[in-house]
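Q: Predicted model, plus sequence, below.
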Amino acid sequence: MTITKENFGSKSKPFKIEILLIAISLIYITLIIFLPAVNVFTEAFKNGFLPFLGNFRDTDFLSAIRLTLIIAFVCVPVNTVFGLCAAWAIARHKFPGRTLIISVLDLPFSISPVVAGLMIMLLYGRQGWFGGILERINLKIVFATPGIVLATLFITLPLWRGK
């Protein structure tokens, strides 16, 4: 029996396939999302609640929070402005190069974050295309906040446009 629109929800063979697919999906979600999240909370609170709160006084923790907030305060407005402009232009207008722009916006979906980091190193690193210029003006991009901002903006590039 093949799965068709008429018999998809029936109590025959396709029903068993539905149950099997749902079970596989739930197992996958449990292994990929639920168990790691439970592990994070278990490890965070394994010594109790007070030692967990003590982490908030750690200078490394505070530096990480500060860096996260800086990245968010830079990337969210940039993504908002460029996302609205790109969405408006792509949705409302037909123009030469429109397909190329859509492809460039989708590029981070097909490129690994490791490759994105390599691109940043090759462009802005000490021996990269712009490395000599940046070194002469004493501007550090790689392994600094501007590099993290560039990487975050690149990774969130596909989220600029809605379909």
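A: Alright, I've got the coordinates.
Q: going forward, measure contacts and count neighbours with C-alpha atoms only.
A: Noted.
Q: which parts of the helix-or-strand element of the chain with minimal mean pLDDT are buried?
A: The weakest-scoring helix or strand in the chain, judged by mean pLDDT, DSSP states H and E, is helix 98-110 (a mean of 85). Using 16 or more other C-alpha atoms under 10 Å as the test for burial, helix 98-110 gives 105-106, 108.
Q: Likewise for stretch 60-76?
A: 71, 75.
Q: So for whatever helix or strand residue 25 lives in, mean pLDDT?
A: Taking DSSP states H and E as the definition, residue 25 sits inside helix 13-29. Across helix 13-29, the average pLDDT comes to 88.
Q: For that helix, what is the distance to the chain centroid?
A: From the chain centre to the centre of helix 13-29 is a distance of 28 Å (C-alpha atoms, centre = their mean, to the nearest Å).
Q: one step back: can you tell me which of the buried residues of helix 98-110 is closest to residue 63?
A: Closest approach to residue 63 among the buried residues of helix 98-110 (C-alpha to C-alpha): residue 108, at 27.8 Å.
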